[in-house]
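Asker: Dropping a prediction and its sequence here:
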Amino acid sequence: MTKTAGHPVLTAARPVSGTGSACGTSGELVQGVIPEGDFMVTFPIDLEVHAEARTSPAPGLEVWPQHKVKARSAVLSLLRMLGKRPGPGEGVRVQISSPIPDGKGMASSSADIVAACRAVADLHGVELTDEVLAALACGVEPSDAVMIEHPVVFDFLRGRVLRDPGRPLPVLAVVVDPGGSVDTVNFRRLPYDAEERELIGRAHDMAVGGLLTQDLSAVGAAATISARVNQRRHSKKALEQLLPVALGHGGHGVSVAHSGTTLAMLFDPHDTRRAHEAAREAAALAPTAQISFLRGRTPVTPS
């Protein structure tokens with residue numbers, strides 16, 4: 001397979017099946033507006049969607065499960081880009097397997113889209129650049145940069161990487177889901193006032209600096225600022241409950257899914273004892289919440 005800076009390139013052979021994957025997120029570390037436009041500082045985690053694409057005797061495109069309509073829309077755009085029309089005997093069937101719950105703000109749809117497009121591209125002997133994948137995803141809805149397995153500053157409306165610190169974030173996240181779901185497509189985005197813009201600008205700078213120096217305290221402080229600014233847009237009652245719990249057990253702050261339901265208390269990756277203590281206290285405060293432990297995504301280096 002070959003890759004170019006902006007466009008996929010076909011190779012000679014076409015396999016009978018293709019595979020693709022993409023990671024999920026624990027919401028975002030920071031989200032808001034800076035002079036370059038709307039942005040998020042992404043928070044990729046070790047949850048992974050897998051997709052397999054196979055040729056099918058039936059014409060057209062099938063995507064399973066059938067409710068994965070956003071992935072289907074993105075794959076149709078990819079097939080048009082490749083000049084492919086899956087006619088009789090040349091149909092395409094895509095099977096998506098995902099552990100990421102829908103409507104929680106954990107990039108389930110973005111991961112479906114990227115995994116499915118990678119699988120279909122692999123089926124056709126094509127490797128897609130991150131830029132192409134971002135364009136395909138953002139052509140369907142505002143999307144997360146799950147095609148990049150470390151935190152970046154990403155314009156989630158236009159699919160552009162604004163800044164790339166180039167380093168993973170070693171972190172243990174105690175993820176708390178109080179319940180419910182959010183329609184991310186129709187999520188109401190209020191404009192930011194002058195004070196909020198100043199706070200978000202500060203959080204952006206702290207997060208980027210913390211990622212560059214691997215300073216989890218700075219990243220956690222930035223995430224907490226952003227989570228509080230977001231309360232006017234999507235209030236989370238658990239935020240002010242969980243923040244003293246996290247800090248009281250040696251955590252570095254709380255991040256949120258800005259257009260979702262989940263919150264995450266951020267701990268050093270080796271501090272499992274205090275993370276579990278914080279989880280037990282959180283469970284006592286919110287007995288019906290679902291609590292899980294997730295780690296910041298650690299990209300696999302090809303051998």
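Answerer: Perfect, I can see it now.
Asker: now the helices for this protein?
Answerer: Secondary structure of the chain by DSSP state H: the helices cover 69-81, 108-123, 130-138, 194-213, 216-229, 239-248, 272-285.
Asker: Take these and write them to JSON lines, including mean pLDDT, mean neighbour count and distance to Ile45.
Answerer: Every C-beta, even on glycine, is put in place using the N, C-alpha and C of the backbone. JSON lines is the format used below for these (pLDDT from 0 to 100; neighbours: other Cβ atoms under 10 Å; distance: least, Cβ to Cβ, whole Å):
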{"stretch": "helix 69-81", "mean pLDDT": "97", "mean neighbour count": "20", "distance to Ile45": "20"}
{"stretch": "helix 108-123", "mean pLDDT": "98", "mean neighbour count": "28", "distance to Ile45": "10"}
{"stretch": "helix 130-138", "mean pLDDT": "98", "mean neighbour count": "23", "distance to Ile45": "18"}
{"stretch": "helix 194-213", "mean pLDDT": "98", "mean neighbour count": "18", "distance to Ile45": "15"}
{"stretch": "helix 216-229", "mean pLDDT": "98", "mean neighbour count": "23", "distance to Ile45": "14"}
{"stretch": "helix 239-248", "mean pLDDT": "97", "mean neighbour count": "18", "distance to Ile45": "17"}
{"stretch": "helix 272-285", "mean pLDDT": "98", "mean neighbour count": "16", "distance to Ile45": "14"}
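Asker: so can I have CSV of those showing distance to Arg167?
Answerer: Rendered in CSV, the data for the helices of the chain read as follows (distance: least, Cβ to Cβ, whole Å):
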stretch, distance to Arg167
helix 69-81, 28
helix 108-123, 21
helix 130-138, 16
helix 194-213, 6
helix 216-229, 11
helix 239-248, 23
helix 272-285, 22
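Asker: nearest to Val16, of these?
Answerer: Among the helices of the chain, helix 108-123 comes nearest to Val16, with 7.9 Å by Cβ to Cβ.
Asker: Quick one: list the elements packing against the strand of greatest length in the chain.
Answerer: As assigned by DSSP state E, the longest strand anywhere in the chain is strand 37-56. Here strand 37-56 touches strand 17-34, strand 91-97, helix 108-123, strand 153-155, helix 194-213, strand 290-295, going by 3 or more Cβ pairs under 8 Å, 6 or more residues apart in numbering; DSSP states H and E.
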